[in-house]
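J.: This is a predicted model, with the sequence first.
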Amino acid sequence: MLGVEHVRHRRPAAPEVVLRRLPALDYLLERPRTSWLPTEAEKVDALTAARIARGVLPRRLYQGALGGQYRYFPHKLPVALDTWRATFVFALPRRPAGAVAPGEVVLPGSRVSAARASCADRSAGER
């Protein structure tokens, strides 16, 4: 579907991983007109083209026989980017009723959150 072969995330996953990803998938399916960035390369390319420093993107260092390699967006959760904002979708952990972390937009009737940052907010931080 994405034109990407040999993706390790096609393997069976632990129940806690599936439970983390299913609400995010529901969020995406409810927004078919949003242009989502499905791969690590597309997310990194789009956000760095929007002048967001690669060093602030979420990443994890993986060590191998030939040394270490950073992988960006290691949780493989959805990201969308348009001219004015970036949308990051993630499942919320269980919290007391009404408790919301700063920057989160809790969607009614769900345990999915979409954090948005506008380009204007980002530009103001660069001054």
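T.: In hand now; what should we look at? Predicted model, so just to flag it, every value in this text is computed and none were measured. Residues are numbered from 1 along each chain as shown.

J.: Run a quick neighbour tally on residue 88.
T.: 19 (other C-beta atoms under 10 Å). Glycine gets a C-beta too; all of them are placed from N, C-alpha and C.

J.: and it, that one's in a strand?
T.: Yes. Assignment of residue 88 by DSSP: H, G, I helix; E, B strand; the rest coil places it within a strand.

J.: List the beta-bridge partners for it.
T.: residue 79, residue 115 (DSSP bridges).

J.: my guess is it contacts residue 79, does it?
T.: Yes. Counting by C-beta atoms under 8 Å, residue 88 touches residue 79, with 5.6 Å between them.

J.: Rounded mean pLDDT for stretch 24-34, please.
T.: If you average the pLDDT over stretch 24-34, you get 87.

J.: give me phi/psi at residue 15?
T.: phi -50, psi -40 (degrees, to the nearest 10).

J.: Tally up the residues packed near it, please.
T.: Around residue 15 there are 7 residues (other C-beta under 10 Å).

J.: Equivalent analysis for residue 89, please.
T.: 23.

J.: ok, the nearest residue to it once chain neighbours are set aside to residue 68 distance?
T.: Among residues not flanking residue 89 along the chain, residue 78 sits closest, at 4.3 Å (C-beta to C-beta, 6 or more residues apart in numbering). Counting by C-beta to C-beta, to the nearest Å, the gap from residue 78 to residue 68 is 27 Å.

J.: For these two, indicate the residue with more neighbours.
T.: residue 78 (22 against 8).

J.: ok, now which ones touch that one?
T.: Residues near residue 78 by C-beta atoms under 8 Å, 6 or more residues apart in numbering: 24, 27-28, 36-37, 87-89.

J.: Of these - the most surrounded one?
T.: Going by other C-beta under 10 Å, residue 89 tops the contacts of residue 78 with 23 neighbours.

J.: That one touches residue 24, doesn't it?
T.: Yes. Residue 89 is within contact range of residue 24, at 4.9 Å (criterion: C-beta under 8 Å).

J.: Mean pLDDT per helix and strand in the chain: which one sits at the bottom?
T.: For the chain, the helix or strand with the lowest mean confidence is helix 119-126, at a mean of 40 (criterion: mean pLDDT, DSSP states H and E).
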